[in-house]
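1. Generate coordinates for the sequence data below:
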Amino acid sequence: MLKVPPALKHRSFRLLWLGLMISIAGTQMQVWALFWHIRTLTDQPIALGGVGLARILPVIVFSLWGGALADVANRRQVLFITQSAMALTAAALAVLTWIGHIQLWQIYILTALSAVAVSFDGPARQALVPNLVPTHDLPNAFSMMSIAFQTGAIVGPALSGLVIAYWGQPYTYLINAISFLAVILALIGMGPVHQQVHPGRDAQVSLTAIGEGVRFIWRHPIILSTMILDFFATFFSSANTLMPIVARDVLRVGAVEYGWLSAAQSVGAVAAAMVLSQVNTIRRQGLLFLGSVVLFGVATIVFGMVRYFDAAMLALIVVGAADSVSTIIRNTIRQLQTPDYIRGRMTSVNQIFFMGGPQLGEVEAGAAAQLFGAPFAIISGGVGCLLAVAWIAHRWPQLRAYNGDEPVRAGVPAD
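-> Predicted coordinates:
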């Protein structure tokens, strides 16, 4: 019998969780609709890779500042601003598409502006979660956050194909703009949230504060190794932008089937997260993390090899399940091993790795597909992922030995 996950017993977390599930569905609808839109405007794979570049450059430039801000500003108030900004960029996409004059450069600019907001939103949002639940419920909270993300990532892509087919491209962007209201209302409903500041130091956003966060990660090999593996695994195995090409040119299916392909990874991810949400204690977390990334790479290779819709769906479901397990484990490791006063900065550095891998990977996948075709780009990426696991496991043996009940190394030595 399923039990109520402990994290959902806390009202503020429950509100945020429900709001994010709705908002993420809208965001994922827009992400996959955007790929389809670009493929409609041009048949050049490299144009799809350009979306990844438009997303990651602002993150690289602004993410560290976003993390520093999340440690000194009210994280809830930061989210009010960032969620509103992302709603406005989605609305702008809808209007430009409606009037029929949208061009690739406009899509790239609006995507980049949204990514600036994400650079500040991600650290504040992730650092807020440990402020909403007690420490012993944190692993469960991240399982539930994964369920929220992946449920939205099932509904969103599936709806994107249906909305494009029956209503039209502009409505995917409009629905996304409206969906951000769910998080904004949740933030209003939860009220003030307590967060810690660095003991004995003046809170400020500065290069010194950013450097403190970078040094913290460098001195914690468990955190550093998970970030590096996350980057390389997603860099090599990220081929989501190629999905329209795979759907149209390899599997020979239409917009509705494309929507289901886009949602397949999240189907597997939700199933895996649901299983983990029922587990009170997760042990041997290091080996579980490494094993899940290996499965992620193998399933990616299989996806690149298949030529039938059903087989492609199954491979993508396994990809999503493996990615969900690795995401939950690495987020739990990082948050439990990081004091609250520096969580925003830790998260901002992680955001560069977490988003940099897949977004730069999309650029790489687009270039490889341009030269050698989409199947080669996907298969070679899966192989690269497996090589990255082997290197990380050898370079940081303490990750293999990590169990999950090790004592927290609190803080950074004072300068």
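2. does residue 364 really touch residue 235, like I thought?
-> Yes - assessed by C-beta atoms under 8 Å, residue 364 is found in contact with residue 235 at 6.8 Å. The way it works is simple: take the backbone N, C-alpha and C, and place the C-beta from them, glycine included.
3. Pick out whichever of these two has more residues nearby.
-> Set residue 364 next to residue 235 and count neighbours by other C-beta atoms under 10 Å: residue 235 wins out with 23 against 20.
4. quick one: residue 216 and residue 344 touch, right?
-> No - counting by C-beta under 8 Å, residue 344 is not a contact partner of residue 216; they are 11.5 Å apart.
5. Looking at those two now, which is surrounded by more residues?
-> Between residue 216 and residue 344, counting by other C-beta under 10 Å, residue 344 is the more crowded of the two (30 against 22).
6. Identify the residue nearest that one in space, chain neighbours excluded?
-> Setting aside the residues directly before and after it, residue 344 is nearest to residue 70 in space (C-beta to C-beta, 6 or more residues apart in numbering), at 2.8 Å.
7. quick one, what contacts that neighbour?
-> Counting by C-beta atoms under 8 Å, 6 or more residues apart in numbering, residue 70 touches 78, 120, 123, 124, 127, 343, 344, 345, 347, 348.
8. okay, now the fifth one: neighbour count?
-> Burial of residue 127, expressed as a neighbour count using other C-beta under 10 Å, amounts to 26.
9. Next one: the residue nearest to residue 344 from residue 353, what distance?
-> Remark: distance between residue 70 and residue 353 (C-beta to C-beta, to the nearest Å) = 17 Å.
10. before we move on, what about residue 260?
-> From residue 260 over to residue 353 (counting by C-beta to C-beta), the distance is 30 Å.
11. cool, residue 104 as well?
-> Distance from residue 104 to residue 353, by C-beta to C-beta: 28 Å.
12. Check which helix or strand residue 17 maps to.
-> Assigned by DSSP states H and E, residue 17 belongs to helix 11-41.
13. Just the buried residues of that helix, please?
-> 12-39 (16 or more other C-beta atoms under 10 Å).
14. on contacts alone, who are the packing partners of the helix or strand bottoming out on mean pLDDT in the chain?
-> Lowest on mean pLDDT, DSSP states H and E among the helices and strands of the chain sits helix 343-372, with a mean of 77. With contacts taken as 3 or more C-beta pairs under 8 Å, 6 or more residues apart in numbering; DSSP states H and E, helix 343-372 sits against helix 45-72, helix 104-132, helix 207-218, helix 221-237, helix 309-336, helix 374-395.
15. again, only this time at 6 Å
-> Secondary-structure packing of helix 343-372 (3 or more C-beta pairs under 6 Å, 6 or more residues apart in numbering; DSSP states H and E): helix 45-72, helix 104-132, helix 207-218, helix 221-237, helix 374-395.
16. Among the ones you listed, which comes closest to residue 151?
-> The minimum distance between residue 151 and those falls on helix 104-132, with 16.7 Å, by C-beta to C-beta.
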